[in-house]
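A.B. asks: here's a sequence, model it:
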Amino acid sequence: MKCVQQILLAFWLLVLMVACAQPAVPTPTAAPITAALPPTVAHQSPTATLIAPTSTPTTQPTPTPTTPIIASTATPITLPVSVQPCGVLLPAVLPTASEPASDWQMPYLDETLIPEDALPAVERFFSHPDDVSLAVYRLGYEGVGFYHNADRPMPLASVSKLLQLTAYASQVDAGTLDPAQPVDESDLEQFYLPRSDLNAHRRALAAYAAQPLVLADVVSMMIRYSSNSATDYLHNLLGQQLLEQTAIDLGMEGQSAPCSFIGRFLIMGDGSEADSSATIQTLANDEERYGLDVAARTDRYLNDPVYRVSAEQYWQQRRSPSIAAQTLFVDELETRGTAASYASLMARIVRGEIGSPTSNRQIRDALEWPYDAFESNRELYQMIGYKNGSMPGVLTSVYYSWPLESDQPYVLALFYRNLPNDLYQTWRRELPHDAFAHWLMSDPNALHIMHVWRDGAR
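C.D. replies: The predicted structure follows:
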């Protein structure tokens, strides 16, 4: 029976690959492309209040001693040849639920109580409450935290890379992966789709150009630089089933299957059709077909040189894919999760409950890079971990932090969706949503103020 299933799966993958092999057509006139990927270090001003430390406080929730990564004689990694469809254990697509609209009135906001750079995000929160989800609390004081649409599945963008990070840690503990295993740069290149990642892949490679690459470097590329190439490399190495099982084991409610970034972007457009909107809409109504299509396009990009060249040429055109196609994909097919689940995951990481002391330290080292990178972080926090995400109309941030004056760390997950394109582009540069997050974590009165304002809006 298993053999029959494998044959059927191979057949459908072949059908999908043949269906994709249409000749490229002229690119439609459209708005200039916005990155389909998350903002990375290049979009963070050195003076911005993006905060997250690598150093540890005098006292930590759970000590996690650092084990240095020593050059290994491990055999270089050999990647699997084929790509597994997504949606093996989790739904590949979460149907858009009918969500009750918030019947709010815009409350009076005392601007003297909010940092000026956070005000746009706070105003957006109260003026469009259905398009924001938030969970923020101090560990041990969850009952007096602030929660808004915290159980509503929302588009995650690169915040979903925390699943690859935790799955990687589990395999380090199991002994199946070695952080010091050599990695061939050409293998990472295989997963690179030009102009799809705000140049994150190139910046990540440049940062590690002076040393031979090892697996731990790939993890850092995925988190610090938000490299989708590094993410898909790890994704393929770990396997789809393990990633989905990781989300289940973590108890991630409202979580859809993480699918490869390459496959997702090629569904937005690969040059095989003038407008991918109809394809996206069709896949949104056929979960199984979507999971197979993502895998088929990914596999074909990795293994079919003709298709790869055609797709690269399409993405290198300035107006491809269209903003409309990208936005529709995000609305209908983007990987989803809840603020409550991702805040809980950050809490478990900072408590040392994910992985062994060694692998937990590696997770935290990957997340806490901005502490050294930004002086403003060291002025407010003794520790902070951070991951962001960005796709057209969507900006997401997750944090754990330990403010200097607090007796316990905070955790936060803040997700925005349906941002108009001009506002989305402005926020990617100015980061008011991150300023909002820092105010909530660093001002001891912020949560109380938000409760008062929300009560006034109802």
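
A.B. asks: contacting residues for Leu134?
C.D. replies: By C-beta atoms under 8 Å, 6 or more residues apart in numbering, Leu134 lies in contact with Phe125, Phe146, Tyr147, His148, Asn149, Ala150, Ala339, Leu412, Ala413, Leu414, Phe415. (Each C-beta comes from the backbone N, C-alpha and C, glycine too.)

A.B. asks: report the buried members of these.
C.D. replies: Buried members of those, counted by 16 or more other C-beta atoms under 10 Å: Phe125, Phe146, His148, Asn149, Ala150, Ala339, Leu412, Ala413, Leu414, Phe415.

A.B. asks: state the phi and psi torsions of the fifth one.
C.D. replies: It refers to Ala150. Note on Ala150: its backbone torsions stand at phi -70, psi -20 [degrees, to the nearest 10].

A.B. asks: any idea whether Ala92 is helix, strand or coil?
C.D. replies: Three-state secondary structure (criterion: DSSP: H, G, I helix; E, B strand; the rest coil) places Ala92 in coil.

A.B. asks: ok, how many other residues are close to it?
C.D. replies: For Ala92, the neighbour count with other C-beta atoms under 10 Å is 26.

A.B. asks: so how far is Glu288 from it?
C.D. replies: Look at Ala92 and Glu288: by C-beta to C-beta, to the nearest Å, they are 7 Å apart.

A.B. asks: still on that earlier bit, out of the buried ones among the contacts of Leu134, who's nearest Gln317?
C.D. replies: Phe415 (30.8 Å; C-beta to C-beta).

A.B. asks: how far away is the residue nearest the centre of the chain from Leu139?
C.D. replies: Residue closest to the average C-alpha location in the chain (C-alpha atoms, centre = their mean): Ser158, at 1.5 Å. When distance is defined by C-beta to C-beta, Ser158 is 25 Å away from Leu139.

A.B. asks: show me the buried ones among the contacts of Leu134 that map onto helices.
C.D. replies: Those of those mapping onto helices are Phe125, Ala339, per DSSP state H.

A.B. asks: filter the buried ones among the contacts of Leu134 down to the ones in strands?
C.D. replies: Counted as lying in strands by DSSP state E, out of the buried ones among the contacts of Leu134, are Phe146, His148, Leu412, Ala413, Leu414, Phe415.

A.B. asks: residues contacting the fourth one?
C.D. replies: Contacts of Ala413 were listed using C-beta under 8 Å, 6+ apart, and they are 133-136, 150, 159, 339-343, 346, 396-399.

A.B. asks: I figured Ser158 hits Tyr386, correct?
C.D. replies: No. With contacts counted by C-beta atoms under 8 Å, Ser158 stays clear of Tyr386, the gap being 11.5 Å.

A.B. asks: where do the helices sit along the stretch 51-200 of the chain?
C.D. replies: Using DSSP state H, counting those that start in this stretch, the helices assigned to the stretch 51-200 of the chain run over residues 119-127, 161-174, 185-189, 200-207.

A.B. asks: looking at those helices, which is closest to Ser359?
C.D. replies: Nearest to Ser359 among those is helix 161-174; the distance by C-beta to C-beta comes to 3.9 Å.

A.B. asks: quick one: buried residues of the closest one?
C.D. replies: By 16+ other C-beta under 10 Å, the buried positions in helix 161-174 come out as Lys161, Leu162, Leu163, Gln164, Leu165, Thr166, Ala167, Tyr168, Ala169, Ser170, Gln171, Val172.

A.B. asks: repeat for stretch 276-287
C.D. replies: Applying a neighbour-count criterion of 16+ other C-beta under 10 Å, one finds Ser276, Ser277, Thr279, Ile280, Leu283, Ala284, Glu287 buried in stretch 276-287.

A.B. asks: ok, now stretch 398-415?
C.D. replies: Neighbour-count burial for stretch 398-415, counted by 16+ other C-beta under 10 Å, picks out 398-403, 406, 409-415.

A.B. asks: for those, which one is nearest Leu367?
C.D. replies: When those are compared against Leu367 (criterion: C-beta to C-beta), the nearest one is Tyr400, at 7.8 Å.

A.B. asks: verify the stated contact: the closest one with Val411.
C.D. replies: Yes. Counting by C-beta under 8 Å, Tyr400 does reach Val411; the two are 4.9 Å apart.

A.B. asks: how about Gln408, what does it touch?
C.D. replies: Pro61, Arg138, Leu139, Gly140, Tyr141, Trp402.

A.B. asks: the third one - nearest residue in space that isn't next to it in sequence?
C.D. replies: Think Leu139. In space, and not counting its chain neighbours, Leu139 is closest to Gln408: 4.6 Å by C-beta to C-beta, 6 or more residues apart in numbering.

A.B. asks: before we move on, what about the fourth one?
C.D. replies: The shortest distance from Gly140 to any residue that is not its chain neighbour, by C-beta to C-beta, 6+ apart, is 5.2 Å, and that residue is Gln408.

A.B. asks: residues in contact with the host helix or strand of Leu440?
C.D. replies: Using DSSP states H and E, Leu440 maps to helix 432-442. By C-beta under 8 Å, 6+ apart, the residues outside helix 432-442 that reach it are 48-51, 114-115, 117-122, 125, 136, 146, 380-381, 388, 395, 397, 399, 401, 403, 410, 412, 414, 416, 427, 446-447, 450.

A.B. asks: can we see that at 7 Å?
C.D. replies: Residues outside helix 432-442 that contact it (C-beta atoms under 7 Å, 6 or more residues apart in numbering): 49-51, 114-115, 117-118, 120-122, 136, 380, 395, 397, 399, 401, 403, 410, 412, 414, 416, 427, 446-447.
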